[in-house]
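next come a sequence and a model predicted from it.
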Amino acid sequence: MKLQKKCIILAIVLLVLLLAGVVVFRNQQKTLTRYESAGGWVYECSQPIKAKNGTAQTLGHPQDLIPVDDSEASKYCHKVGIE
């Protein structure tokens, strides 16, 4: 009986730890300091800004991370070239 209770407690603890890990992993904020726009322009940022996954096809390959907030991007990022 004691062994069964210990197994149940262990299973609950492992489940809670697993769920906590999933929550932390999913809520991790993405940031970037360099990105490529849909038009092929490469931007470099003076400080990390919040990012999201891009959806555009840039010159035949999918876009990586792009800024979440355009006003923040225009404040901290500038063009450094074109691909």
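It's in.

pLDDT below threshold where in this protein?
Judged by pLDDT under 70, the chain has its weakly predicted residues at 1, 26-28, 56-62.

who are the packing partners of the longest strand along it?
Looking across the chain with DSSP state E, the single longest strand is strand 41-53. Packing partners of strand 41-53 (3 or more Cβ pairs under 8 Å, 6 or more residues apart in numbering; DSSP states H and E): strand 31-36, strand 65-67, helix 70-76, strand 77-82. Heads up, the C-betas are built off the backbone N, CA and C, glycines and all.

contacts for the first one, please.
Going back to what we said before, that points to strand 31-36. The contact list for strand 31-36 (Cβ atoms under 8 Å, 6 or more residues apart in numbering) reads 42-45, 47-51, 54, 58, 63-67, 77, 83.

now it - C-alpha only, CSV.
Provided in CSV are the C-alpha atoms of strand 31-36 (Å, rounded to 0.1, in the frame of the first residue of the first chain):
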residue,chain,number,x,y,z
THR,A,31,13.9,38.4,-29.6
LEU,A,32,16.1,39.5,-32.5
THR,A,33,18.9,41.9,-33.3
ARG,A,34,19.0,41.3,-37.0
TYR,A,35,16.3,40.4,-39.5
GLU,A,36,15.4,40.3,-43.2
